[in-house]
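Participant: Predicted structure and sequence below. I'll ask about it afterward.
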Amino acid sequence: MANGNSNNLEIRDLHVQIEGEDKEILKGINLTVEAGKIHAIMGPNGSGKSTLAYTLAGHPRYEVTEGEVLYHGENVLDLEADERSKLGIFLAFQYPVAVAGVTVANFLRAAINAHRGEEGKDRRQTAIPVAEFRKQLNERMKMLDMAPEFARRYLNEGFSGGEKKRLEILQMAMLKPSIALMDETDSGLDIDALRIVANGVNTIKQQNPEMGVLVITHYQRLLDYIKPDVVHVLMDGQIVREGGPELALELEEKGYDWIREEVFGNVS
């Protein structure tokens, strides 16, 4: 595990359960998302992948019973979700929610201004100028092959699965996080939509070379487009195997049972 760099996101002995339940989901995760690198987490259904993503982002339903997550010298578990976002942590959701009456453009501008706001200052002093916002928005929508009228639609209302995922990547492009968490972004995407979304992520990464990325996925196909530096296997709430991109190919070919048998024995 890499350490000593405050730009890395360091997860140490993280134990998590759902609030109000007595079942531990994450059972001592140790993982470092290194600045400038792409990490992938793969694992079967129910292994704890989405729990990890939501916990890192600050979802209140997930209760941390032990461990810490260090970023820029702070334990982010002590911060609210909006404070983690302002620190540079971004989560692309697997199932984005719809918000009626709020346009994509207004939502994105509000999010940017929330990040730019400074304690004790008038919001008008730190708000992004309208012309600058429109220029940035148009450039990034073009990158993701989005029609201009997309910005006037209500947030995720009536969106296809592919449109929802493109919007998640558009948010990432506009907010420019330093750590991007992608929770099964490939879920429900056809090949064309997957390619567009992945190309968008790669372009953002090229523009922000120090950004660390954690890609959470079931399948290797996303990793054909977003090339990981490190692949981690999460199973039964634990990181049980780490390797290079070749590990994802092996999982695609052989599935997860061989790892389960090696780690936990031949349990039916």
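Facilitator: Yep, it's here.

Participant: Please identify the buried residues of the top helix by length along the chain?
Facilitator: Under DSSP state H, the helix in the chain containing the largest number of residues is helix 191-207. In terms of neighbour count (16 or more other Cβ atoms under 10 Å), helix 191-207 has its buried residues at 193, 194, 196, 197, 198, 199, 200, 201, 204, 205. Where C-beta positions appear, they are placed from N, C-alpha and C, glycine not excepted.

Participant: tell me which strands and helices that helix is in contact with?
Facilitator: helix 161-175, strand 179-183 (3 or more Cβ pairs under 8 Å, 6 or more residues apart in numbering; DSSP states H and E).

Participant: Run through the neighbouring helices and strands of the first one.
Facilitator: Meaning helix 161-175. In this structure, helix 161-175 makes packing contacts with strand 89-92, helix 104-116, helix 130-143, helix 191-207, judged by 3+ Cβ pairs under 8 Å, 6+ apart.

Participant: Ok, the shortest one next?
Facilitator: In this structure, strand 179-183 packs against helix 49-57, strand 89-92, helix 191-207, strand 212-217, with contacts taken as 3+ Cβ pairs under 8 Å, 6+ apart.

Participant: Kindly recompute the last result at 6 Å.
Facilitator: Secondary structure elements in contact with strand 179-183, counted by 3 or more Cβ pairs under 6 Å, 6 or more residues apart in numbering; DSSP states H and E, are helix 49-57, strand 89-92, strand 212-217.

Participant: possible to save those as JSON lines with distance to residue 226 and mean pLDDT?
Facilitator: Formatted as JSON lines, the helices and strands packed on strand 179-183 follow (distance: least, Cβ to Cβ, whole Å; pLDDT from 0 to 100):
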{"stretch": "helix 49-57", "distance to residue 226": "16", "mean pLDDT": "95"}
{"stretch": "strand 89-92", "distance to residue 226": "12", "mean pLDDT": "95"}
{"stretch": "strand 212-217", "distance to residue 226": "6", "mean pLDDT": "95"}
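
Participant: gap between the residue nearest to the spatial centre of the chain and residue 211?
Facilitator: In the chain, the centroid-proximal residue (Cα atoms, centre = their mean) is residue 181; its distance is 1.7 Å. Distance, residue 181 to residue 211, using Cβ to Cβ, to the nearest Å: 11 Å.

Participant: Pairing partners for residue 89 in the sheet, please.
Facilitator: residue 179 (DSSP bridges).

Participant: what about it, neighbour count?
Facilitator: 26 (other Cβ atoms under 10 Å).

Participant: these two touch, right, it and residue 179?
Facilitator: Yes. Contact criterion Cβ atoms under 6 Å: residue 89 and residue 179 qualify, at 4.8 Å.

Participant: Tell me the backbone dihedrals of residue 144, please.
Facilitator: Backbone dihedrals for residue 144, given as degrees, to the nearest 10, come out at phi -100, psi 10.

Participant: so which of the helices and strands packed on strand 179-183 comes closest to residue 236?
Facilitator: With Cβ to Cβ as the criterion, residue 236 lies closest to helix 49-57 of the helices and strands packed on strand 179-183, at 11.7 Å.

Participant: Against which helices or strands is the next helix or strand after that closest one packed?
Facilitator: Next helix or strand after helix 49-57 toward the C-terminus (DSSP states H and E): strand 62-71. Contacts defined by 3+ Cβ pairs under 6 Å, 6+ apart place strand 62-71 against strand 9-18.

Participant: Could you rerun that using 8 Å?
Facilitator: Using 3+ Cβ pairs under 8 Å, 6+ apart, strand 62-71 sits against strand 9-18, strand 24-33, helix 49-57.

Participant: quick one, which of those is packed in tightest?
Facilitator: The highest average neighbour count among the helices and strands packed on strand 62-71, using mean count of other Cβ atoms under 10 Å, belongs to helix 49-57 at a mean of 23.

Participant: Using CSV, list the CA coordinates for that one.
Facilitator: Only the C-alpha atoms of helix 49-57 are listed here, as CSV (Å, rounded to 0.1, in the frame of the first residue of the first chain):
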residue,chain,number,x,y,z
LYS,A,49,-18.5,-2.5,-3.6
SER,A,50,-21.2,0.1,-3.6
THR,A,51,-21.1,0.2,0.2
LEU,A,52,-17.5,1.3,0.0
ALA,A,53,-18.3,4.0,-2.6
TYR,A,54,-21.3,5.4,-0.6
THR,A,55,-19.3,5.3,2.7
LEU,A,56,-16.4,7.3,1.1
ALA,A,57,-18.9,9.9,-0.2
